[in-house]
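Participant: Okay, sequence plus prediction incoming.
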Amino acid sequence: MAPGSSIWAAWSPNSEGDHYIKGQDFAVVSGTSMATPHVAGVAALIKQKHPHWSPAAITSAMMTTADVADGSGAPILAQQTNQLAPATPFDYGAGSINPSRAIDPGLVFNTYFRHYIQFLCAVPGVDDESVRRAVGVGCPTKRKDWCSDLNTASLTVSNLVGSRKVIRRVTNVGGHNETYQVTVREPLGVKVSVSPQVFTISANASMHLRIVLEATEATNAYTFGEMVLRGSRKHVVSVPIAVYASSSLGS
């Protein structure tokens, strides 16, 4: 969630977009159009500091260092029908962007062109020719089984039946060897195990995390959790988890 809320900005007096501010030269505006220049500016700062980072690494840095509480430390709230309620990752994404921490995230989840191709080819109903027309290359011979296999700084399983293994690859961009400990806040109705739970990773090295999600009950709704990697050099890497469990192993 970029800071696109209540931004004081120039406004065309000829705009028909909001009758409350029609005819005004300036307005307080919220939304994705107001968030975009903020998050692009933060991405530019990160790119200046780390010119060789990929777009995925920059995105990961902003996501894993985001805040999931407001300025007073209380949970972020979301507008629901006639009331405010605690927000979920479907409201705020990974959280409220924190530029100072995003410059030094510790670990990043890197993704490259071929990984996005594998992601597209795993989407149900998308065939090889559709992918070829869209991006100029077809699907690889060895396909990924699930969209959730894309190496992003979040984890979403839209239909968990029994159990699912997900692999994430982290890269140490912190400049020093660091030891990380993994903790998980499990989504309701889902058991989550991560291996290894403690690991030491060298500077610029990469390693895989094996994440197993097991439905302990059929929630038939999205529930949310979080995987947090805490480093010995004070880096904290947070990954939101969203799971729709439609069937448990025992059902």
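Facilitator: Good, I have the coordinates.
Participant: The protein: strands as residue ranges?
Facilitator: Under the criterion DSSP state E, the chain contains strands at 7-10, 26-29, 77-80, 83-86, 107-108, 155-161, 163-172, 178-185, 190-195, 198-201, 206-215, 222-231, 236-247.
Participant: Tabulate these (JSON lines), appending distance to Pro99.
Facilitator: (C-beta placed from N, C-alpha, C; glycine too.) Rendered in JSON lines, the data for the strands of the chain read as follows (distance: least, C-beta to C-beta, whole Å):
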{"stretch": "strand 7-10", "distance to Pro99": "16"}
{"stretch": "strand 26-29", "distance to Pro99": "21"}
{"stretch": "strand 77-80", "distance to Pro99": "22"}
{"stretch": "strand 83-86", "distance to Pro99": "25"}
{"stretch": "strand 107-108", "distance to Pro99": "16"}
{"stretch": "strand 155-161", "distance to Pro99": "24"}
{"stretch": "strand 163-172", "distance to Pro99": "21"}
{"stretch": "strand 178-185", "distance to Pro99": "22"}
{"stretch": "strand 190-195", "distance to Pro99": "28"}
{"stretch": "strand 198-201", "distance to Pro99": "24"}
{"stretch": "strand 206-215", "distance to Pro99": "25"}
{"stretch": "strand 222-231", "distance to Pro99": "20"}
{"stretch": "strand 236-247", "distance to Pro99": "16"}
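Participant: Tell me which of these is the most buried.
Facilitator: With neighbours taken as mean count of other C-beta atoms under 10 Å, these reach their highest mean count in strand 107-108, at a mean of 27.
Participant: Quick one: mean pLDDT over that one.
Facilitator: Computed over strand 107-108, the mean pLDDT rounds to 98.
Participant: Having no further points to raise, I will conclude here.
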